[in-house]
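predicted structure and sequence below. I'll ask about it afterward.
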Amino acid sequence: MNILQWTLGFWIFIGGGCTEPILSPKDTDPFFQDETGTEIETGEPTYTYPDCDLVEGGSGHAVGEAHCISGRCLVPAGAFWMGSDDPDSCPVRQVELGEFWIDQAEISHGKWSECVEAGACEPAPEHCRFYLDGHDPDRQAVTCVDWHASAGYCEWAGGRLPTEAEWEKSARGTEGADWPWGRTPPSCLLANYRFAPSYCFPGIIESGFFSGVASAYGLVDTVGNAWEWVNDWYDPRYYRVAPNDNPPGPSCDEGDVHGTGACRARVLRGGAFNTTKETTRGYARSFAISTVADNDIGFRCAYD
């Protein structure tokens with residue numbers, strides 16, 4: 001099954017009710033290959049998504065104030081509308097977060113190389129660079145780094161991976177915008193994603209390429225290009241029990257990652273160059289086992 005088939009199946013599944021398990025898009029990603037071109041089995045879990053009551057949220061407009069310094073953007077303390085009526089991101093609710101800073105763009109190969117030179121990171125695989133005409137590979141979002149390596153980079157840089165709630169507020173603003181600019185779907189002039197059967201670009205492009213397109217808080221590339229790791233474990237039911245004040249994500253025993261509980265995968269956000277517009281919405285959730293290092297998964301860091 002390819003990603004288009006998965007996406008179509010996902011929406012057919014929602015239309016038919018929320019009683020059957022569905023696969024992570026990382027299970028069926030045709031781009032998840034090693035350097036020889038051999039497809040790799042992710043071994044990711046399936047989940048059953050429960051039904052959810054519909055709740056009317058914010059206005060859907062992109063609301064927030066951009067204040068970015070030296071490649072980091074301030075997200076002030078306060079409430080925002082989080083979630084949607086999708087089965088694993090409902091109910092819509094207002095969530096309070098404290099103040100934090102977050103990288104304006106996805107971490108690039110150039111920034112990753114600085115961590116490598118400092119002895120704190122391992123080199124990213126060369127086959128994960130995309131040499132596209134007219135694009136600088138050193139400024140591309142670094143990919144093929146798993147959750148652990150991404151968290152290690154953020155620690156080296158004096159930060160951490162953002163929580164899922166922090167990432168969503170940074171991308172959507174306070175009023176629950178579907179995309180950084182509001183409710184209008186993206187085009188290839190606004191984002192790097194899969195447009196119908198074609199791709200806007202055939203791979204990862206420079207961090208900040210769409211520099212004129214930013215979230216209400218000034219972030220770029222929260223739509224497509226590369227999926228982004230966040231700190232949280234993935235649990236399709238978490239939003240129903242999550243606190244409304246600085247939700248930390250599900251508590252989890254590291255030893256249960258391959259067990260039967262929720263502790264089997266980490267959350268991915270933002271979509272990628274090879275996924276359709278539905279996955280690029282600011283509330284859309286995906287997941288992957290934390291040791292997966294795919295060429296469409298990157299990250300950015302948050303700072304207290």
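Structure's in. What do you need?

so Trp167 is in which element?
helix 164-172 (DSSP states H and E).

average pLDDT for the helix or strand that that helix is followed by?
For helix 164-172, the following helix or strand on the C-terminal side (DSSP H and E) is strand 194-195. Here strand 194-195 scores 89 as its mean pLDDT.

stretch 271-287 too?
So the average pLDDT for stretch 271-287 ends up being 95.

for this structure, which segments count as helices?
3-15, 109-117, 147-156, 164-172, 238-241 (DSSP state H).

out of the ones you listed, nearest to Val230?
Smallest distance to Val230 across those (CB to CB): 4.8 Å, for helix 164-172. For the C-beta atoms, the positions are set from N, CA and C on the backbone; glycine is no exception.

which stretches of the stretch 151-300 of the chain form strands?
Here the stretch 151-300 of the chain has its strands, by DSSP state E, counting those that start in this stretch, at 194-195, 198-199, 227-233, 266-269, 285-288, 297-298.

reformat those strands as TSV; add mean neighbour count and distance to Ser108.
Output for the strands of the stretch 151-300 of the chain, formatted as TSV (neighbours: other CB atoms under 10 Å; distance: least, CB to CB, whole Å):
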stretch	mean neighbour count	distance to Ser108
strand 194-195	18	22
strand 198-199	12	20
strand 227-233	26	13
strand 266-269	27	18
strand 285-288	24	21
strand 297-298	30	9
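
tabulate the ones you listed (a markdown table), appending distance to Asp88.
As requested, the strands of the stretch 151-300 of the chain are exported to a markdown table (distance: least, CB to CB, whole Å):
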| stretch | distance to Asp88 |
| --- | --- |
| strand 194-195 | 21 |
| strand 198-199 | 26 |
| strand 227-233 | 12 |
| strand 266-269 | 10 |
| strand 285-288 | 6 |
| strand 297-298 | 19 |
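
out of these, which comes closest to Asp136?
Nearest to Asp136, of all those, is strand 297-298, at 15.7 Å by CB to CB.

partner strands of the closest one, with direction?
Paired strands of strand 297-298, with direction, are strand 227-233 (parallel) (DSSP bridges).

run through who's touching the strand it pairs with.
106, 147, 150-151, 160-164, 166-167, 222, 238, 248-250, 252, 262-272, 275, 286, 288, 294, 296-300 (CB atoms under 8 Å, 6 or more residues apart in numbering).
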